[in-house]
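In: next input, structure requested:
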Amino acid sequence: MGKPSVEFQAVNIAVLTVSDSRDASQDTSGDYLREAVTAAGHQVVDHAIVADNRYRIRACVSSWIASSDVQVILVNGGTGFHAKNSTPEALLPLFDREIAGFGEVFRMLSWEDIGSSTVQSRAVAGLANGTLVFAMPGSTSACAVAWERVIVEQLDARHRPCNFVSQLKKV
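Out: The predicted structure follows:
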């Protein structure tokens, strides 16, 4: 007798763009992520754009972590090495558990596109209150690498040998 088949489970996702210069009309990375989430069968339950300020980022992400309906947060922008970039500093204190492998794998994959410049990426991820948080660079191509080559599989209950779906808060 074989193992019972696992069915796809849609998850509720919020998308946050961190930028000092973009508004909704220029948010190509946020647009890409929202479209990719929907195309994969998940629901976008909220989205926002906030300035690259660790307290504004933390306030927005904290409200989603505390909410009963957001299971995953995708943050794009503010992960570079420039002094003004503060997304990792905003998020790391919120995590119950950091997912170090996300940043490691993201940088490995980015090597193919940007070579040694990938060492300046501070992509991070973690779990907080049953909510997964992935933070990636703000370029649309970086968001595509993160989503298509890492995140989409980890949000699919059918992906083996493991995925994060069973660890998400129930909605």
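In: and Phe8, its phi and psi?
Out: Phi and psi for Phe8, reported as degrees, to the nearest 10, are phi -60, psi 140.
In: err, Thr131, not the other one
Out: Its backbone dihedrals place Thr131 at phi -120, psi 120, with angles given as degrees, to the nearest 10.
In: what's downstream of the host helix or strand of Asp46, the next helix or strand?
Out: Under the criterion DSSP states H and E, the helix or strand holding Asp46 is strand 43-50. Note on strand 43-50: by DSSP H and E, the next helix or strand toward the C-terminus is helix 54-66.
In: mind listing what's buried along that next one?
Out: By neighbour count, and taking 16 or more other C-beta atoms under 10 Å as the criterion, the buried residues in helix 54-66 are Arg54, Ile57, Arg58, Cys60, Val61, Ser62, Trp64, Ile65. No exception for glycine: its C-beta is placed from N, CA and C like everyone else's.
In: give me the contact list for the one helix or strand in the chain whose mean pLDDT sits lowest.
Out: With mean pLDDT, DSSP states H and E as the measure, the helix or strand of the chain carrying the lowest mean pLDDT is helix 100-114 (a mean of 94). Residues outside helix 100-114 that contact it (C-beta atoms under 8 Å, 6 or more residues apart in numbering) are 118-119, 121-125, 134, 136, 141-142, 145-146, 149-150.
In: looking at these, which is nearest Val18?
Out: For the contacts of helix 100-114, the residue nearest Val18 by C-beta to C-beta is Met136; the value is 10.3 Å.
In: which parts of stretch 162-169 are buried?
Out: Buried residues in stretch 162-169, defined by neighbour count with 16+ other C-beta under 10 Å: Asn163, Phe164, Val165, Leu168, Lys169.
In: hang on, the earlier thing: and the strand holding Asp46, how far out from the chain's middle?
Out: 12 Å (C-alpha atoms, centre = their mean, to the nearest Å).
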